[in-house]
Every structure is written in C-alpha cells, then in structure tokens.
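Asker: Make a model of this:
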Amino acid sequence: MTLLDSDADALVVGMVHLQPLPGAPGFDGDRDRIRERAVSDARALAAGGVDGVMVENFGDVPFYPESVPTHVVASMTDAVGRVVEAVDVPVGVNVLRNDADAALSVAAATGASFIRVNVHAGARVTDQGLIEGRAHETVRLRSRLAADIEIMADVGVKHSAPLGERRSLDESVDDVVTRGLADAVVVSGRGTGHAVDPARLERAAAACARHDAPLFVGSGVTAEAVGDCLAHADGVVVGTALKAGGETTNVVAEDRVRAVVDAAHEG
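Answerer: Purely as a prediction, here's the structure:
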C-alpha cells in the first residue's frame, strides 16, 4: 500500500534522519551505527502510530546541490532497505538536496513507496546555489522503472528563496501538480523546525483544493500545532518534534510520536 492510498483522514509521516553517511565530513567510520539508528528510529515511529516513515540523508552536510555520488546512493539503499524490512508502514525517501533520480532508484530497489522532491519545478536559490527542478526527468524515470512510487513535491521549500519574480501559490501548485505530475504538495516554513505562516498555509490549501492535490505541512509541526495544520492540510511530515528533547539530531522518542499522532487524530 502506498501512503496516499491510506484510509486515514490525517496522515502523519515521521522522519528518519540518517547520521552522516560514508563520504560525508561528519562520518565517524561506524557503518553499523547508521543502520542500527535508522532501524531503531523507524521502529519507534511505527510504534508511536505514524502512517508513514521518510528516510533522509540529513547528516550529510554540506549537501550536494543535485546529483549525489554513487556511494551515497549505495548507503541510502542499504539504510532504506533495512527500514522497509523493519516496519509495516509505507516508507519514503528524500535524497538531499535534490536528487530525485537517486530517491526514485533507491525506492524502486527497496520497495519504498514515495519520495520527496524539494525542487520539482521552477528554480530556487539555496545555500547549495541555484537548484532547478527536473520534473520532466523524474516522471519519465518513474515510468521507465515501472514503479508505483508517489512523488511529494515541495512548493517554496525551506532553506531557499525564489529566483526572479515570486509566483503565486496557485501558480506554483499548478507547476508541480498539473505540469509536473506530482502526487502531493508539501509546504514548509523558512527552515527546519519553523512553522508555516498560517496565511500561507490557507492559501496553499485553497490552491491544492483547486488542483485536487493532497497537501502536507513539512516543517514546524508539534503536538500543540498539528491540529491547526490539519485544519487545512491532509497530512504532516514531522521530524524535530518527535526527537528526544525536541532536538533534531536526537533519537526518536516514542512518547513524543504518540503525542503528535494522538493530537492529529483528535481533530
């Protein structure tokens, strides 16, 4: 079953932030620790009741702007494959900063069912430089792989700014959904852990409704805020709030997961 096939009214996707992979400046030489932490975090998320898990190479700073080396793809395939085996919920892949081809390939090889693409259409100015969307390549690769993999595409992704004239949310949603054939839209705040501006969230929800696209909130979601988010969105992607002590790099804490999931379902 894919994520968007779920019968849940409100979808909660929890993040597995991988520790620095081999080749990254922060890698400590312990490959087993990366695998064990990924599986442990995924199991805590599933035990806490999430509807899906997304695996991301969060520890690989500074990120490659687009294509990552083959050793990153290999390490992520290893980690994602172990997560898929460890949990019974849909698993997704995000290869930072914007390697959709790698994410699709990892997902197809491991049985993961969705990916997140930070810049699917248009262009954004980021700390990695200018990143351009390649929806035309991503969607065609999905067809060639014959994989039932959903694409979640960001609109105005965090840690970035528009290039040139700012487009309306309706235009941006049209770019990724109608013209880019993404299956769902993600809207986020200005950075990791930062909430989405309420007025922007409302505009995004209206735009997604016009284009018949599910909307996910991709940053700043907490147990206290999740109800307000889900008043407009179909789901949330949560990382920081699910970690011990609310620190992004800490382990996933099952009690914090349960608090967010319970609050989401109360709505």
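Asker: can you give me phi and psi for the nearest residue to Val155 once chain neighbours are set aside?
Answerer: Nearest residue to Val155 in three dimensions, chain neighbours excluded: Ser172, at 4.5 Å (C-beta to C-beta, 6 or more residues apart in numbering). Backbone N, C-alpha and C define where each C-beta goes, glycine included. Dihedral angles of Ser172 (phi, psi; degrees, to the nearest 10) stand at phi -70, psi -40.
Asker: Assess the claim that Ser172 and Gly122 are in contact.
Answerer: Yes - counting by C-beta atoms under 8 Å, Ser172 does reach Gly122; the two are 7.1 Å apart.
Asker: just for this structure, where's the confidence low?
Answerer: Scanning the chain with the threshold set as pLDDT under 70 gives 164-165, 267.
Asker: What segments of it are helices?
Answerer: Ranges of helices within the chain are 31-47, 70-86, 100-110, 135-145, 169-174, 198-210, 226-230, 254-266, based on DSSP state H.
Asker: nearest to Asn57, of the ones you listed?
Answerer: helix 70-86 (6.0 Å; C-beta to C-beta).
Asker: Any chance you could list what contacts the closest one?
Answerer: With C-beta atoms under 8 Å, 6 or more residues apart in numbering as the test, helix 70-86 has contacts from 16, 18, 21-23, 31, 34-35, 38-39, 42-43, 46, 53, 55, 57, 60, 64, 91, 93, 95, 102, 105-107, 109-112.
Asker: I'd like to know which of the residues you listed are buried.
Answerer: By neighbour count, with 16 or more other C-beta atoms under 10 Å, the contacts of helix 70-86 hold 16, 18, 21, 34-35, 38-39, 42-43, 46, 53, 55, 57, 60, 64, 91, 93, 95, 102, 105-107, 109-110, 112 as buried.
Asker: Centre-most residue in the chain?
Answerer: With distances taken as C-alpha atoms, centre = their mean, Arg116 lies nearest the centre of the chain, 4.6 Å away.
Asker: Name the nearest residue to that residue, sequence neighbours excluded.
Answerer: Closest residue to Arg116 apart from its sequence neighbours, by C-beta to C-beta, 6+ apart: Asn94 at 4.1 Å.
Asker: deepest of the helices of the chain, which one?
Answerer: Mean neighbours per residue, mean count of other C-beta atoms under 10 Å, is largest over the helices of the chain for helix 100-110, with a mean of 24.
Asker: is Ala94 in a bridge, and if so with what?
Answerer: Just to correct that, residue 94 is Asn rather than Ala. Counting by DSSP bridges, Asn94 is bridged to Glu56.
Asker: To what extent is it buried, counted in neighbours?
Answerer: Number of residues near Asn94 (other C-beta atoms under 10 Å) recorded here: 26.
Asker: Identify the residues contacting it.
Answerer: 54-57, 103, 115-118.
Asker: Save the residues you listed as TSV, and put in distance to Val84 too.
Answerer: Formatted as TSV, the contacts of Asn94 follow (distance: C-beta to C-beta, whole Å):
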residue	distance to Val84
Met54	12
Val55	9
Glu56	15
Asn57	16
Ala103	14
Ile115	13
Arg116	16
Val117	20
Asn118	22
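Asker: Just the closest of those to Val260, please.
Answerer: Met54 (14.5 Å).
Asker: The closest one is in contact with Val13, isn't it?
Answerer: Yes - counting by C-beta under 8 Å, Val13 is a contact partner of Met54 at 5.4 Å.
Asker: Between the two, which contacts overlap?
Answerer: Here Met54 and Val13 share the contacting residues 92, 237, scored by C-beta under 8 Å, 6+ apart.
Asker: Thanks again, I'm all set now.
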